[in-house]
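Trainee: need the 3D shape of this:
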Amino acid sequence: MVRFLTLIMALALLSAGCVKKESEKSKYAKVYDEKKFYFSGWGAPKKGTEAEQLATLKQWSEAGVTDLLPGAGNARLEELIRLGAQHNIRIHAWHWMMNVGGSEECRKHPEWYSVNALGQSCRDFHPYVGYYNFLSPFSEGAREYIKKGVREKAKIEGLASVHFDYIRFVDVVLGNNLQKKYPYKGGPLKQDRLLPDFDFGYHPNARKQYKEIFGIDPMDMEDKVENAAWQQFRMNAISSLVDECVEICHEEGTAASAAVFPFPQLAREYVRQDWGRWNLDYFFPMIYKEDHDGNVGWVGFATKEGIKEMNEDQHLFTGILVGHYGENYDDFEQAIVKAYENGARGVTFFQIGSLNDKHWAIVKKLNERYNK
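Mentor: Below is the predicted model of the structure:
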């Protein structure tokens, strides 16, 4: 009788749509079921003859590399997809989103750009570096421009994913070591409090929409720093854009991935990026320890924190900035080990072309340990 009732309940739940069905994403998750651990990298072989590029891809593949994330035009991506397939290497399209650099098309639309708490537009005010020109997720024109770019990439036949980068606001705060690299008003940059220059999200549409809900213009709030609703309101604008772009990728038959900040809580505080809620297939957190005074333990911690906010249909690949390890090859190896031990599906090197023979020996050794 108990078994009968259990069956009836299960059928009722299924008919009501309460039992989780196989999602569209799950087919992308299954791509990474062949191995226990994967090795990948931002970048691609240097341009040269086809034979030279194939030789490089062969070397990388034999060491364990299965995925590359090059920033390239469509023709180059198509070439890399063809070459990579000969050595079982997938190609993802590394694609800038909110940060458009000096795009001439975008500059014709000043209303597309993000605005800070001082009313400065990111079209003309470049925080930190000259190429920081961020669009606003509250501008419909900017959103359509971004989605158009995603669809263009997603249509490329054989692409592993459209890989979103700069899908966030301007850095509200930099990592401690990064702050030392940038001057501020004639002196050193010290972000021990929220500086209005770097507090973005005050696009006219954002202010209007927020006031309609909460009855106050964010510009007039005295608690801009601590106002949780205002912070979440801005993060939601990025998240909704991500959802729309993921849907575009899936419509075109490819996965969606992103380079994100090290772990969700840090991402929320530093760049208003709520990636723990995103509907992506793959996450590539940039767990760059030196930027945040971290060590290899910090790499493991950040990896684990990211895994906590993901579901079973999503994969995380720990991003390792090779230059942060210098000639400390033991730490380089341990960073990979910590990523594996804390649940990452793999690691991604920035950039893959910076790996030397000693790095490659470590990659090959760990690939054999985890996958043979």
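
Trainee: which secondary structure element contains the residue nearest to Val225 when sequence neighbours are not counted?
Mentor: Distances taken as Cβ to Cβ, 6 or more residues apart in numbering place Leu194 nearest to Val225, at 4.5 Å, with adjacent residues excluded. Every C-beta, even on glycine, is put in place using the N, C-alpha and C of the backbone. In this assignment (DSSP states H and E), Leu194 forms part of neither any helix nor any strand.

Trainee: which phi and psi does Leu194 have?
Mentor: Backbone dihedrals for Leu194, given as degrees, to the nearest 10, come out at phi -70, psi 120.

Trainee: what sits against it?
Mentor: By Cβ atoms under 8 Å, 6 or more residues apart in numbering, the contact set of Leu194 is Val172, Val173, Lys224, Val225.

Trainee: now the residues you listed in TSV, with neighbour count, pLDDT and secondary structure?
Mentor: Listed next are these as TSV, based on neighbours: other Cβ atoms under 10 Å; pLDDT from 0 to 100; DSSP: H, G, I helix; E, B strand; the rest coil:
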residue	neighbour count	pLDDT	secondary structure
Val172	20	96	coil
Val173	19	95	coil
Lys224	16	85	coil
Val225	12	82	coil
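
Trainee: got CSV for those, with distance to Glu52 too?
Mentor: Formatted as CSV, the contacts of Leu194 follow (distance: Cβ to Cβ, whole Å):
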residue, distance to Glu52
Val172, 44
Val173, 43
Lys224, 54
Val225, 53
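
Trainee: tell me which two of these sit farthest apart.
Mentor: Across those, the longest distance by Cβ to Cβ is 14.1 Å; it joins Val173 and Lys224.

Trainee: bridged to the spatially most central residue of the chain, which residues?
Mentor: When Cα atoms, centre = their mean is applied to the chain, the residue found nearest the centroid is Ala259 (1.9 Å). Beta-bridge pairing for Ala259 (DSSP bridges): Phe284.

Trainee: how near is it to Met221?
Mentor: According to Cβ to Cβ, to the nearest Å, Ala259 stands 32 Å off from Met221.

Trainee: next one: Glu144
Mentor: 30 Å.

Trainee: can you check Pro127 too?
Mentor: 21 Å.

Trainee: for Asn227, same thing?
Mentor: From Asn227 to Met221 the distance is 6 Å (Cβ to Cβ).

Trainee: quick check: Tyr182 touching Gly130?
Mentor: No: with contact defined as Cβ atoms under 8 Å, Tyr182 does not count as touching Gly130 (12.0 Å).

Trainee: which of the two has more neighbours?
Mentor: Tyr182 (13 against 8; other Cβ atoms under 10 Å).

Trainee: if we can go back for a sec, quick one: the residue nearest to Val225 from Gly43, how far?
Mentor: Taking Cβ to Cβ, one finds Leu194 at 35 Å from Gly43.

Trainee: what do you get for Met221?
Mentor: Note on Met221: its distance to Gly43, by Cβ to Cβ, is 43 Å.

Trainee: who's more crowded, these two?
Mentor: Gly43 (20 against 16).

Trainee: next up, the contacts around the more buried one.
Mentor: So Gly43 contacts Leu68, Leu69, Pro70, Phe350, Gln351, Ile352, Gly353 (Cβ under 8 Å, 6+ apart).

Trainee: give the next helix or strand downstream of the worst-scoring helix or strand of the chain on mean pLDDT.
Mentor: The weakest-scoring helix or strand in the chain, judged by mean pLDDT, DSSP states H and E, is helix 2-15 (a mean of 36). Next in sequence after helix 2-15, counting helices and strands by DSSP H and E, comes helix 26-29.

Trainee: what's the helix or strand for Phe233?
Mentor: Element membership for Phe233, per DSSP H and E: helix 228-251.

Trainee: in a helix, Glu327, correct?
Mentor: No: under DSSP: H, G, I helix; E, B strand; the rest coil, Glu327 sits outside any helix and is assigned coil.

Trainee: can you give me the helices in the stretch 251-372 of the chain?
Mentor: 264-271, 296-308, 329-341, 357-371 (DSSP state H, counting those that start in this stretch).

Trainee: send the alpha carbons of stretch 312-329 over as CSV?
Mentor: Output in CSV follows, covering the C-alpha atoms of stretch 312-329 (Å, rounded to 0.1, in the frame of the first residue of the first chain):
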residue,chain,number,x,y,z
GLU,A,312,24.4,20.5,-10.4
ASP,A,313,23.9,21.5,-14.1
GLN,A,314,26.6,24.1,-13.9
HIS,A,315,30.4,23.7,-13.9
LEU,A,316,33.2,25.9,-12.4
PHE,A,317,36.7,26.2,-13.8
THR,A,318,39.2,27.9,-11.5
GLY,A,319,41.0,30.7,-13.2
ILE,A,320,44.8,30.8,-12.4
LEU,A,321,46.9,33.8,-13.4
VAL,A,322,50.2,32.2,-14.2
GLY,A,323,52.3,35.3,-13.6
HIS,A,324,51.3,35.4,-10.0
TYR,A,325,53.3,32.3,-9.3
GLY,A,326,56.6,33.4,-10.9
GLU,A,327,59.1,30.6,-10.4
ASN,A,328,57.3,29.1,-7.4
TYR,A,329,56.3,26.0,-9.3
